[in-house]
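Trainee: sequence first, predicted model second:
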Amino acid sequence: MTGRNIAVGPVILLGAPGAGKGTQAKLMAEHYGIPHISTGEILRDNVARGTELGQKAKMVMARGELVSDDLVNAMVADRLNQPDAGRGFILDGYPRTVVQAEWLDRELAARGQRGPVVIRVDVGYNQLLQRLTGRRTCPVDGKIYNIYLQPPKTEGVCDVCSTQLFQRVDDTEEVISERLKSYERQTKPLEEFYQKHGRLRCVNGDQPVEKVMAEMFRAIEGGAAAAGTE
Ligand code: AP5
């Protein structure tokens, strides 16, 4: 059976900034043939295009704080309405508060979708700092690099399309520290929320990308099988 034949359903990736959610979500989405929905990427795209949503989110994101639940929930509702989200999707960076998680549960039930498989990616604090300060991204294909851990073949340019890589404005030490605090304060409580529903699975994110990926496959497929029997 190939990944694309597996009924994965909704998958949520939880984990601190820099845990590798985006890196893994892209690989999972490709493997299972379902969309990768990153609220951070959607917000950054709105900021870049100067939309009304982007103008509201810009300063909040630059400070490393969370954008309001209402704005983000509306954005996710919009994305889930697109036809490619029917078979399942990987949510990266959403939900991030208990209010968002409760909203998502209601939304999935209203759409007749089953409960999500929730995977927490665990990485130690010092490794997170190195990952975030060293991250560089391709603006064209979204490929993620790290100058210390996963450098491109030629310094500063994408291996795939040779475009100049950029550093995210929120990847400075000061903003990283705020983002990690927001995570502890507002997103950590979600672990208990999903634990209570028996949905939380954990993978060790502090190992090479391929090994994390193998653990993710096991967690997703085990979780999807369990959700199918609920
Ligand atoms: P968002 O874009 O979601 O950022 P984040 O959660 O802080 O997560 P990151 O994208 O920084 O890290 P990641 O875990 O995806 O790591 P990555 O794979 O890139 O959110 C940004 C902002 O938007 C928020 O601060 C908030 O303001 C707003 N926002 C977004 N969603 C919101 C919501 N739901 N509610 C309210 N506000 C919201 O990897 C990091 C680095 O590590 C890379 O360089 C990579 O190459 C490297 N790496 C990855 N895996 C490995 C590995 N196994 N080994 C070695 N290096 C690795």
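Mentor: In hand now; what should we look at?
Trainee: what's the helix or strand bottoming out on mean pLDDT in the chain packed up against?
Mentor: Lowest mean confidence among the helices and strands of the chain (mean pLDDT, DSSP states H and E): helix 209-228, at a mean of 86. For helix 209-228, the packing partners by 3 or more CB pairs under 8 Å, 6 or more residues apart in numbering; DSSP states H and E come out as strand 9-14, helix 21-32, strand 117-122, strand 200-204. Heads up, the C-betas are built off the backbone N, CA and C, glycines and all.
Trainee: can you rerun that using 6 Å?
Mentor: Packing contacts for helix 209-228, counted by 3 or more CB pairs under 6 Å, 6 or more residues apart in numbering; DSSP states H and E, involve strand 117-122, strand 200-204.
Trainee: buried sites along the last one?
Mentor: It stands for strand 200-204. 200-201, 203 (16 or more other CB atoms under 10 Å).
Trainee: now that strand against strand 9-14, angle please.
Mentor: Here strand 200-204 runs at an angle of 60 degrees relative to strand 9-14 (axes from the mean of the first three to the mean of the last three CA atoms, to 10 degrees).
Trainee: quick one: residues in contact with stretch 140-160.
Mentor: Stretch 140-160 is contacted from outside by 22-23, 130, 134-138, 161, 163-165, using CB atoms under 6 Å, 6 or more residues apart in numbering.
Trainee: how does it look with 7 Å?
Mentor: The contact list for stretch 140-160, computed with CB atoms under 7 Å, 6 or more residues apart in numbering, reads 22-23, 130-131, 134-138, 161, 163-165.
Trainee: how about the secondary structure of the residue in the chain sticking out farthest from the centre?
Mentor: In the chain, the residue that sits farthest from the middle, by CA atoms, centre = their mean, is residue 154; the gap is 27.0 Å. Residue 154 falls in the coil class when you classify it by DSSP: H, G, I helix; E, B strand; the rest coil.
Trainee: state the distance from residue 104 to residue 212.
Mentor: To residue 212, residue 104 is 24 Å away according to CB to CB, to the nearest Å.
Trainee: my guess is residue 114 contacts residue 9, does it?
Mentor: Yes. Here residue 114 reaches residue 9: they are 5.1 Å apart, a contact under CB atoms under 7 Å.
Trainee: which stretches of this protein have low pLDDT?
Mentor: 1-2, 227-230 (pLDDT under 70).
Trainee: interface residues of it facing the ligand?
Mentor: Counting by CB under 6 Å from any ligand atom, the positions of the chain adjacent to the ligand are 15, 17-23, 39-40, 43, 60-61, 64-67, 72, 93-94, 96, 100, 131-132, 134-135, 144-146, 149-150, 170, 179, 208-209, 212.
Trainee: what about those, which are in helices?
Mentor: 21-23, 39-40, 43, 60-61, 72, 100, 131-132, 179, 209, 212 (DSSP state H).
Trainee: what's around residue 140, how many residues?
Mentor: Neighbour count for residue 140, taken as other CB atoms under 10 Å: 13.
Trainee: in a helix, that's where it is, yeah?
Mentor: No. Applying three-state DSSP, one finds residue 140 to be coil, outside a helix.
Trainee: most centrally placed residue in this protein?
Mentor: Judging by CA atoms, centre = their mean, the chain has its centre closest to residue 92, at 1.8 Å.
Trainee: doesn't residue 21 make contact with it?
Mentor: Yes. Residue 92 lies in contact with residue 21 (CB under 7 Å); the separation is 4.7 Å.
Trainee: shared neighbours, the two?
Mentor: Shared contacts of residue 92 and residue 21, counting by CB under 7 Å, 6+ apart, come down to residue 13.
Trainee: before I go, just wanted to say thanks for your time.
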